[in-house]
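Enquirer: what's the 3D shape of this:
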Amino acid sequence: MTEIRKPSFLRSARLEHESLTFATVLLFALVLTVLSPAFLDGNNLASLQTAIAPNLIVALGMMTLFLIGRFDLSVGAVMGMAGIVSAMALDAGLPVPAAFAAGIAIGLAIGAFNGALVAWLGINHLIVTLGVLYMTRGVIEVVMAGEKLAGFTRFPPEFSALGLWSIGGLSGLFLFALILCAGFESFLRLTLPGRKLLFLGGNPAAAEAMGIHRRRTEFWCFVLSGGLAALAGVLMTARVGMANRYMGDGLEMQIFIACLIGGGSIAGGKGSYVGALAGVFFVTLLTNAFNLLLVPSEWQGVVTGAVLVLVLVADGILVLRKAGRPWRNVLGLWPSRLSV
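Expert: Down below sits the predicted model:
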């Protein structure tokens with residue numbers, strides 16, 4: 001009799017890709033430790049926490065969209081806009097809770113706008129979110145035209161406390177982001193709505209035939225993405241004590257790369273929030289390596305672009321293989337003669 005082999009824990013838990021990414025992150029950290037003694041410096045580790053926390057919060061929203069085969073390129077602009085709206089509300093004399101709510105509300109509104117255009121009008125999510133990215137950045141420039149480069153810098157202590165609290169030497173924002181990630185991962189694995197997200201991304205037609213409302217799900221996923229980007233923006237504004245036009249600039253590509261590296265796919269149907277965490281770790285370490293090793297800014301763009309191309313090519317190959325295409329066709333190695 002043929003022995004049936006039990007799948008490994010990582011395969012059964014769908015964590016093979018995530019484990020590989022975490023292993024790469026660990027190896028990357030070891031290499032940085034050797035190349036730069038400053039990597040393990042307390043200030044550098046603190047800055048890593050400060051960078052990881054908002055990126056992870058935004059990546060949770062982006063990964064939710066990846067699960068259903070969508071993405072949002074406006075998250076960096078939404079993050080910056082939310083911080084500015086909260087700062088303007090505080091400057092106008094509103095209490096901290098109201099200013100916090102105003103920042104989150106603008107993110108939810110932009111997310112709802114994205115979701116309505118994509119889900120209900122059927123416009124391509126790349127076109128919509130890219131357009132909203134430029135629109136939001138334009139509004140930021142208009143709003144901040146009369147302000148100094150530093151932007152808004154005077155906040156009440158109660159607002160600053162939202163980003164400056166810590167426990168045992170660890171940043172409170174970092175711990176909050178980890179707890180949020182654990183909650184999202186539990187939702188994905190332990191609840192029916194979470195499993196429906198993967199099903200919808202993997203086979204939209206079958207999901208709709210089983211009663212899953214595709215348009216409604218897409219809409220709320222975009223709202224969630226906008227809300228989480230805004231949450232990251234407000235908390236980061238409280239952390240750094242500053243709201244200006246530069247917050248979140250270019251962040252969308254970092255988050256996009258992080259989700260792909262962490263196991264997400266632009267075709268949908270795969271990914272996890274643990275993978276988003278692993279991808280954010282990798283991208284943050286890459287940026288930190290640029291700073292520690294004094295890599296010129298022009299080469300930073302080259303490396304980042306190369307990483308994006310590589311992960312997109314790898315994702316495309318995996319999508320074709322999942323569809324049953326043989327390696328010969330995937331790699332473009334067509335047979336030299338056709339058999340009759």
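
Enquirer: show me where this protein has its strands.
Expert: Applying DSSP state E to the chain gives strands spanning 166-167, 170-171.

Enquirer: pull the residues that contact stretch 72-80.
Expert: Outside stretch 72-80, the residues that touch it by CB atoms under 8 Å, 6 or more residues apart in numbering are 54, 58, 61-62, 65, 106-107, 110-111, 114, 125-126, 129-130, 132-133, 136-137, 140, 222, 225-226, 229-230, 232-233, 236, 245-252, 255-256. The way it works is simple: take the backbone N, C-alpha and C, and place the C-beta from them, glycine included.

Enquirer: recalculate using a threshold of 7 Å.
Expert: If you take CB atoms under 7 Å, 6 or more residues apart in numbering as the criterion, stretch 72-80 is touched by 58, 61-62, 65, 107, 110, 114, 129-130, 132-133, 136-137, 140, 222, 225-226, 229-230, 232-233, 245, 247-252, 255.

Enquirer: can you give me the offset of it from its chain's centre?
Expert: The chain centroid and the centroid of stretch 72-80 are separated by 10 Å under CA atoms, centre = their mean, to the nearest Å.

Enquirer: and that stretch, what's buried?
Expert: Neighbour-count burial for stretch 72-80 flags D72, L73, S74, V75, G76, A77, V78, M79, G80 (criterion: 16 or more other CB atoms under 10 Å).

Enquirer: need the winner for burial among the strands of the chain.
Expert: strand 170-171 (a mean of 18; mean count of other CB atoms under 10 Å).

Enquirer: contacting residues around it?
Expert: For strand 170-171, contacts defined as CB under 7 Å, 6+ apart pick out A46, Q49, T50, A53.

Enquirer: got it, and stretch 157-167?
Expert: Applying CB under 7 Å, 6+ apart, the external contacts of stretch 157-167 come out as L90, V96, A99, G172, L173, L175, L235, M236, A238, R239, G241.

Enquirer: again, but for stretch 37-54
Expert: 32-33, 170-171, 173-174, 177, 232, 235-236, 239, 280-281, 284, 288, 292.

Enquirer: what's the closest of these to A207?
Expert: Closest approach to A207 among the contacts of stretch 37-54 (CB to CB): V280, at 28.1 Å.

Enquirer: ok, which pair from the contacts of stretch 157-167 is furthest apart?
Expert: Greatest spatial distance in these: L90 and L175, 24.7 Å, computed using CB to CB.

Enquirer: which of those two has more neighbours?
Expert: Comparing L90 with L175 by other CB atoms under 10 Å, the one with more neighbours is L90, at 25 against 16.

Enquirer: surely that one meets F155?
Expert: Yes. Counting by CB atoms under 7 Å, F155 is a contact partner of L90 at 5.9 Å.

Enquirer: what is the neighbour count of the nearest residue to L260 once chain neighbours are set aside?
Expert: Nearest residue to L260, sequence neighbours excluded (CB to CB, 6 or more residues apart in numbering): V311, at 4.3 Å. Using other CB under 10 Å, V311 has 19 other residues around it.

Enquirer: tell me the pLDDT at V311?
Expert: pLDDT recorded at V311 is 78.

Enquirer: state the distance from it to P95.
Expert: Plainly put, V311 is 44 Å away from P95 if you go by CB to CB, to the nearest Å.

Enquirer: can you check T304 too?
Expert: In this view, T304 and P95 are 40 Å apart by CB to CB.
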